[in-house]
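*Asks:* What shape does this take:
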Amino acid sequence: MGVERYVVEAVVLEGRSRRDVARSAGISKGWVDKLVERYRAGGYAALQPRSRRPQSCPHAVAPHIEAAIIGLRQELSGAGYDHGPHTIAHHLRQRVSVVPSVATVWRILKRHGLITAQPQKRPKSSFIRFAATLPNELWQADTTHWQLADGSHVEILNCLDDHSRLLVVSDAFRTVKAADVVHSFAAAWLVNGFPAALLTDNGAVFSGKSRQGKVLLETELERLGITGKHSTPYHPQTCGKVERLHQTLKKYLCKQAPARSLAVLQLQLDTFRAYYNQQRPHRALHGETPLHAYHARLKAHPETPLPTTHFRVRQDTTDTNGTVTLRYLSRLRHIALGRANKHQRVTLLVAGSHVRIVAEDGSLLRELTIDPLRNYQGLGTPCGRPRVGHHDVRQVATIT
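*Replies:* Numbering: from 1, shown residues only. Have a look, this model is predicted:
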């Protein structure tokens with residue numbers, strides 16, 4: 001305020017000519033007149049620089065749209081979902097006709113104090129990213145820990161498609177075992193098909209290299225022709241996509257009521273999985289949902305042919321309910337034959353998942369394909385094959 005005060009005092013106190021003062025200060029006479037008027041109206045305080053912001057802006061965001069942005073931010077944050085500017089702009093399209101840009105949404109959030117600066121983040125240029133070209137070209141899997149309401153610790157197995165980020169597996173266990181991994185993946189394979197490769201860390205349920213052996217998952221991947229890959233030890237960045245998913249999932253779980261059991265936790269995981277795949281826009285997918293990106297291209301598949309089917313023959317006796325037990329994918333499968341066949345000696349002819357059960361006289365009691373998702377194989381019609389039971393005994397094969 002040095003020049004302004006000098007001009008005012010020279011004119012008002014000294015009585016100098018306004019033209020002479022303007023010439024000596026290097027400003028226009030009109031500006032001198034305006035400063036003197038301001039001083040006489042409000043004193044020295046009126047000489048402070050004033051804001052040049054316009055009184056109105058024709059392209060400013062409407063108040064109801066700004067309120068909708070703030071409301072969405074609180075709604076998504078309260079539910080535990082991602083609530084960044086990109087996600088808010090995506091959901092805003094369903095509520096208003098004119099959606100502001102992502103940058104405008106960010107500025108509105110910052111103006112309301114809802115943006116927290118994170119200067120500790122590394123610049124994007126320092127990251128080396130990779131992404132599969134096609135869906136099912138590569139899956140990433142990993143486990144993470146969580147806690148139930150009673151304080152007990154559980155584990156969550158997550159697996160996503162590297163190309164589309166589709167969350168194909170999200171299952172809760174007390175402790176993840178090798179058989180649990182195979183069982184979860186078998187359910188995902190039935191829905192989404194087989195991936196060409198699977199990337200995991202070196203956990204005991206994924207790799208047996210540290211014990212100079214193979215775990216059940218590695219054996220199953222070899223049988224199906226799926227390439228098994230493992231990250232470098234102590235380098236979680238290799239599985240960065242599924243590691244980042246853990247963080248998103250836990251933010252959601254923190255906003256939910258603490259699960260009192262595994263069943264409740266699994267329900268929360270299923271709800272998150274549906275939202276993540278079908279509704280949440282993904283920045284790496286240019287705002288598309290994982291489900292849309294997954295179905296936008298043809299799927300990759302294992303390139304190597306399936307190995308020869310494993311055959312075996314075993315003798316057994318049915319129990320009082322006419323049920324025989326067979327181990328498949330490290331789980332005991334109970335195959336029903338009907339009470340009419342109780343306490344009967346039978347022969348099981350096993351070819352992979354295909355099973356034929358023959359009586360001592362050579363009659364075929366039942367033929368089925370084992371459903372890997374069920375431990376009890378009832379007397380239904382598996383995979384479209386005709387049911388053969390005690391009501392339809394046929395001399396199909398004779399063992400010599």
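*Asks:* On the three-state scheme, residue 361 is what?
*Replies:* Three-state call for residue 361 (DSSP: H, G, I helix; E, B strand; the rest coil): coil.
*Asks:* contacting residues around residue 254?
*Replies:* Residue 254 is in contact with residue 80, counting by CB atoms under 8 Å, 6 or more residues apart in numbering. Heads up, the C-betas are built off the backbone N, CA and C, glycines and all.
*Asks:* Phi first, then psi, for it.
*Replies:* Taking degrees, to the nearest 10, you get phi -60, psi -30 for the backbone angles of residue 254.
*Asks:* Give me the pLDDT value at it.
*Replies:* Note on residue 254: pLDDT of 94.
*Asks:* and it, how far is that from residue 80?
*Replies:* 6 Å (CB to CB, to the nearest Å).
*Asks:* Equivalent analysis for residue 4, please.
*Replies:* With CB to CB as the criterion, residue 4 and residue 80 are 55 Å apart.
*Asks:* Quick one: end-to-end length of stretch 365-378, please.
*Replies:* 14 Å (CA to CA, to the nearest Å).
*Asks:* what's the average pLDDT for it?
*Replies:* Rounded mean pLDDT across stretch 365-378 is 90.
*Asks:* Tell me how this structure divides into domains.
*Replies:* The record assigns the chain these domain ranges, following automatic domain parsing: 2-47, 63-120, 129-294, 311-384.
*Asks:* Please identify the most buried of these.
*Replies:* Ranked by mean neighbour count, these are led by domain 129-294 with a mean of 17 (mean count of other CB atoms under 10 Å).
*Asks:* next one: phi and psi at residue 77?
*Replies:* phi -70, psi -40.
*Asks:* which residues sit in contact with it?
*Replies:* residue 83.
*Asks:* measure it to residue 60 for me?
*Replies:* For residue 77, the distance to residue 60 - CB to CB - is 25 Å.
*Asks:* and residue 102, what pLDDT?
*Replies:* Confidence for residue 102, expressed as pLDDT, is 90.
*Asks:* I'd like to know which of the domains of the chain lies nearest to residue 54.
*Replies:* domain 63-120 (16.7 Å; CB to CB).
*Asks:* where are the low-confidence patches of the stretch 301-400 of the chain?
*Replies:* 304-309, 380-400 (pLDDT under 70).
*Asks:* Repeat that for the chain.
*Replies:* For the chain, applying pLDDT under 70 flags the ranges 1, 120-122, 124-129, 304-309, 380-400.
*Asks:* Break down it into its strands, ranges please.
*Replies:* 139-147, 153-161, 167-173, 197-200, 227-230, 311-317, 323-328, 331-336, 345-351, 354-359, 364-369, 376-377 (DSSP state E).
*Asks:* send the alpha carbons of the second one over as PDB?
*Replies:* If I follow you right, that is strand 153-161. Extracted C-alpha coordinates of strand 153-161, given in PDB (Å, rounded to 0.1, in the frame of the first residue of the first chain):
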ATOM      1  CA  HIS A 153      -8.000 -64.100  12.600                       C
ATOM      2  CA  VAL A 154      -9.100 -65.400   9.200                       C
ATOM      3  CA  GLU A 155      -7.600 -65.300   5.700                       C
ATOM      4  CA  ILE A 156      -9.100 -64.100   2.400                       C
ATOM      5  CA  LEU A 157      -8.100 -65.600  -1.000                       C
ATOM      6  CA  ASN A 158      -8.400 -63.100  -3.800                       C
ATOM      7  CA  CYS A 159      -7.800 -63.600  -7.500                       C
ATOM      8  CA  LEU A 160      -8.400 -61.200 -10.400                       C
ATOM      9  CA  ASP A 161      -7.900 -61.100 -14.200                       C
END
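*Asks:* and the angle from that strand to strand 167-173?
*Replies:* Computed by axes from the mean of the first three to the mean of the last three CA atoms, to 10 degrees, the angle separating strand 153-161 from strand 167-173 equals 170 degrees.
*Asks:* Direction included, what does strand 153-161 pair against?
*Replies:* strand 139-147 (antiparallel), strand 167-173 (antiparallel) (DSSP bridges).
*Asks:* For the residue nearest to residue 378 when sequence neighbours are not counted, give the beta-bridge partners.
*Replies:* Take residue 378 and drop its neighbours on the chain: the residue closest to it by CB to CB, 6 or more residues apart in numbering is residue 336, 5.5 Å away. Residue 336 forms beta bridges with residue 323, as assigned by DSSP bridges.
*Asks:* How about the contacts made by residue 336?
*Replies:* 321, 322, 323, 376, 377, 378, 379 are the contacts of residue 336 under CB under 8 Å, 6+ apart.
*Asks:* one more time with 10 Å, if that's ok
*Replies:* Residue 336 makes contact with 318, 321-324, 366, 368, 376-380, 389 under the criterion CB atoms under 10 Å, 6 or more residues apart in numbering.
*Asks:* Which parts of the stretch 101-250 of the chain are helices?
*Replies:* 102-111, 178-192, 216-224, 240-254 (DSSP state H, counting those that start in this stretch).
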